[in-house]
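[1] fold the stuff below for me.
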Amino acid sequence: SRFLFETGYAHVFAARQDVGKPLLERALALGEEIGDEESIGYACMGLMWHHVFWAPAGPERRATVERLGRRALAVGRQIKDVWLTSKTLLCLANDASMWGRVDEAERLDRQLLQLSEETGDPRPKGMGLFALAFLTSARREFDTALEYAESAIRSSVSPVDRLFGRAAKATTLALRGDAHESLASLGELRRETEAGEFRMVGLMATEIPYGLALLSSGSFGEGVRW
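    Prediction:
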């Protein structure tokens, strides 16, 4: 079950949903068959990321995300798995943010910071900081967003979290109108995510800001096409 989760999860973040989702569903079925809570929690968390970004919009999608999230979060807390708990909180926060439930998103982001304080694990802090950077950038609180992003870049122990921190900073610069600096940063991030087949991050965090930065730089035709 754990092997299937790891493989399916990797496919999800490489934007190969047709491969990743069935593997995660098999991981969950096996976990339930043997009654292993850890396997169930991991598979639910992986499936939640799939549904947040790829399932058709509508009440059913949100209900599925929340059901999987509650289950994964309960397991993560029960077995004291900080990574499982934090990745579940981050996914729920992303969903709330993307659908305009900003108060809920901020509450979940701050739970990540609290989890880091309670456990002494720095990883949730990095996640919470870059998530807050994206959220405050969308609110056009650019100075605050840049502070969160820079803090995420400095303090994150994970290369993935630093990458998201850099993406949040570049997105903030694009929204603020600093097109040329943003273009350079986003171009580098796009190359890194594609080289690592981390395409879901590219789709989430670089492609739309890159088009916006092109528009802001005066490359209107290219920006619209992007």
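[2] what packs against the host helix or strand of residue 193?
    For residue 193, the host element (DSSP states H and E) is helix 179-195. With contacts taken as 3 or more C-beta pairs under 8 Å, 6 or more residues apart in numbering; DSSP states H and E, helix 179-195 sits against helix 159-176, helix 199-205, helix 207-216. In this view, the C-beta of every residue, glycine as well, is placed from N, C-alpha and C.
[3] buried sites along the lowest-mean-pLDDT helix or strand in the chain?
    Ranked by mean pLDDT, DSSP states H and E, the weakest helix or strand in the chain is helix 199-205, scoring a mean of 76. Neighbour-count burial for helix 199-205, counted by 16 or more other C-beta atoms under 10 Å, picks out 200-202, 204-205.
[4] what's the most distant pair in these?
    Across those, the longest distance by C-beta to C-beta is 9.1 Å; it joins 200 and 205.
[5] the helices and strands packed on helix 179-195: which one's closest to residue 134?
    Nearest to residue 134, of those and by C-beta to C-beta, is helix 159-176 at 4.9 Å.
[6] for the closest one, name the packing helices and strands.
    Packing partners of helix 159-176 (3+ C-beta pairs under 8 Å, 6+ apart): helix 123-138, helix 142-155, helix 179-195, helix 199-205, helix 207-216.
[7] SS state for residue 218?
    Using DSSP: H, G, I helix; E, B strand; the rest coil, the structure places residue 218 in coil.
[8] what helix or strand does residue 92 sit in?
    Here residue 92 is covered by helix 82-98, with elements defined by DSSP H and E.
[9] right, and the helix or strand after that helix?
    Downstream of helix 82-98, the next assigned helix or strand under DSSP H and E is helix 102-119.
[10] list the buried ones in that following helix?
    Quick answer for helix 102-119 (16+ other C-beta under 10 Å): 105-106, 108-109, 111-113, 115-116.
[11] ok, back up a step: state the mean pLDDT of the helix holding residue 92.
    Helix 82-98 carries an average pLDDT of 96.
[12] which residues touch it?
    Residues from elsewhere that reach helix 82-98, judged by C-beta atoms under 8 Å, 6 or more residues apart in numbering: 41-42, 45, 48-49, 52, 62, 65-66, 69, 72-73, 75-77, 102, 104-105, 108-109, 111-112, 115, 119, 121, 123-124, 127-128, 131, 134-135, 138, 204.
[13] using PyMOL, define a selection of the buried residues within those.
    Command for PyMOL that selects the buried part of these, burial taken from 16+ other C-beta under 10 Å:
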select buried, resi 41+42+45+48+49+52+62+65+69+72+73+75+76+105+108+109+111+112+115+123+124+127+128+131+134+135+138+204
